[in-house]
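Visitor: Structure for this input, please:
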Amino acid sequence: MVSFPETLLLSAVVGFSILLSLPVVMHRRTTPLTSKLLVAVAIGILLFILADVWGNAATFLYNGSFYGFGSSPSYDAVFAVALAVGFLVLYLGENRSKSGLTPTQSSFMISLGVGFQNLTEGLVFGALAVSIGLTGAALVVFVGFVLQNITEGFPIASPFLSRDDRKTGVMVLLFLLGGAPAILGAAVGFYYSSPMLLLLFDGLAIGAILYAVLPMLKSIFREADHRVQRVTYMGIFLGFLLGFLVNLV
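Guide: Numbers count the residues shown, from 1 in each chain. Below is the predicted model of the structure:
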């Protein structure tokens, strides 16, 4: 068993590992085509995170009670409400503005989605730390979460990749918004964890990420010529593949 302070320390390593991608995304000497490629990779990573979080939620939702597809009505309700809240809060927030989202607002939305996902990961890690300690499966989960968090900085920074007004302080805060919830999740998971709680944050994460990825797709395909389109397709594929490979650890 890992103590509570040790659990918080290890979860901080997981959460703050997202900052390791900061030097890459703050590099300003990138061509427009390279920026498009990096945004496409970020979209691919977000699509993988969507699939990954859904896979976690599906293990509770589809418990086999109805020809292999049945679920608990209470689980269904919690997940559906959380999904709607994660999506609709951002939808209503954006549509209050007639001028559209600024890069900071777009990045903030992505940070929220990543943050909810890391909150769930923290719950899982905290529960494992208190039950089996940092050995075996828990150690593998810890390393996997760290590697995955490093890649999550790219989606958060993606609205700024083609711009020169990137401010280090703003980017650090946005990165922390995405990564730091892992610490809170681990603190809660150390003492309490349940499928209902995991489904709540999985639903919020999927709803928020689903909404955040739509303007990214719209932006990257706007007025894209054939060469940019090919780069974009390949970048999305590589981003998804990168998420998959990291998640294998």
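Visitor: Which residue ranges of the protein form helices?
Guide: Assigned by DSSP state H, the chain shows helices spanning 4-16, 22-25, 32-61, 73-95, 103-131, 137-151, 153-157, 168-179, 181-191, 195-221, 226-247.
Visitor: Serialize these to a markdown table and add fields for mean pLDDT.
Guide: Formatted as a markdown table, the helices of the chain follow (pLDDT from 0 to 100):
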| stretch | mean pLDDT |
| --- | --- |
| helix 4-16 | 88 |
| helix 22-25 | 80 |
| helix 32-61 | 88 |
| helix 73-95 | 89 |
| helix 103-131 | 87 |
| helix 137-151 | 77 |
| helix 153-157 | 88 |
| helix 168-179 | 91 |
| helix 181-191 | 91 |
| helix 195-221 | 89 |
| helix 226-247 | 88 |
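Visitor: Tell me which of those helices is the most buried.
Guide: Stretch with highest mean neighbour count among the helices of the chain: helix 153-157 (a mean of 27; mean count of other C-beta atoms under 10 Å). For every residue, glycine as well, the C-beta is placed using N, CA and C.
Visitor: Spatially nearest residue to the residue most central in space within the chain (excluding sequence neighbours)?
Guide: Nearest residue to the geometric centre of the chain (C-alpha atoms, centre = their mean): residue 114, 2.8 Å. Using C-beta to C-beta, 6 or more residues apart in numbering and skipping the chain neighbours, the partner closest in space to residue 114 is residue 178 (3.7 Å).
Visitor: close enough to count as contact, the one you found and residue 111?
Guide: Yes. Applying C-beta atoms under 8 Å as the test, residue 178 and residue 111 come out as touching, 4.3 Å apart.
Visitor: Thank you kindly, that will do.
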